[in-house]
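Chemist: one predicted model, sequence on top.
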Amino acid sequence: MNLDFNKEEFESLIKMVYLGNWMINANKEENGVEKYNLVQDKVFSKAQELNLSGVIEEHENKFSLSEEFKEKAGVNKIHDEYDEDTFWGELVDRLAMKEFSKKYSEDEISKMSIEERISKSAEFFEKYEKEIEDNGLDNINLV
């Protein structure tokens, strides 16, 4: 299989492969991650072959993005934004569902249609979205 990329497209591919591999492997043990690392190394090795200077670094036949490229391409910024968005979204979701599950029993919830669940849980999502938007973590306390 042959794919033709210009320099900009190939740099985008490198960025996507790195971010995808990071997402897949970020919270995993070593078991099962090697196949993704091999794909990443294969793509990254092509950057070496194409002499894309400053993009890829090689250490002991393993390839990684250079810090220079990560900064230039905004990779670390993408990581940070993803983590930030995920944190706030998950916090709202989990607080809302916790309160929804306190108000309605498992039996009541199981008898609701999807539309009814969405409608009845919406007030909790809206409540926590507003709270987080207005106050961040200031009013969140563990008991």
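Modeler: Nice, thanks for sending it over.

Chemist: once you drop chain neighbours, what's closest to residue 64?
Modeler: residue 57 (5.4 Å; Cβ to Cβ, 6 or more residues apart in numbering). Every residue, glycine included, has its C-beta placed from N, CA and C.

Chemist: you'd agree the one you found is in a helix?
Modeler: No: secondary structure of residue 57 (DSSP: H, G, I helix; E, B strand; the rest coil): strand, not part of a helix.

Chemist: quick one, domains of the chain?
Modeler: 7-73, 81-135 (automatic domain parsing).

Chemist: reformat those domains as TSV; add mean pLDDT.
Modeler: Shown next, in TSV, are the domains of the chain (pLDDT from 0 to 100):
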stretch	mean pLDDT
domain 7-73	85
domain 81-135	96
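
Chemist: can you add distance to residue 142 and mean neighbour count and give those domains back as a markdown table?
Modeler: Below are the domains of the chain laid out as a markdown table (distance: least, Cβ to Cβ, whole Å; neighbours: other Cβ atoms under 10 Å):
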| stretch | distance to residue 142 | mean neighbour count |
| --- | --- | --- |
| domain 7-73 | 23 | 14 |
| domain 81-135 | 12 | 13 |
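
Chemist: mind giving me the packing neighbours of the helix ranked longest in the chain?
Modeler: Across the chain, the longest stretch assigned as helix under DSSP state H is helix 75-103. Packing partners of helix 75-103 (3 or more Cβ pairs under 8 Å, 6 or more residues apart in numbering; DSSP states H and E): helix 7-25, helix 114-135.
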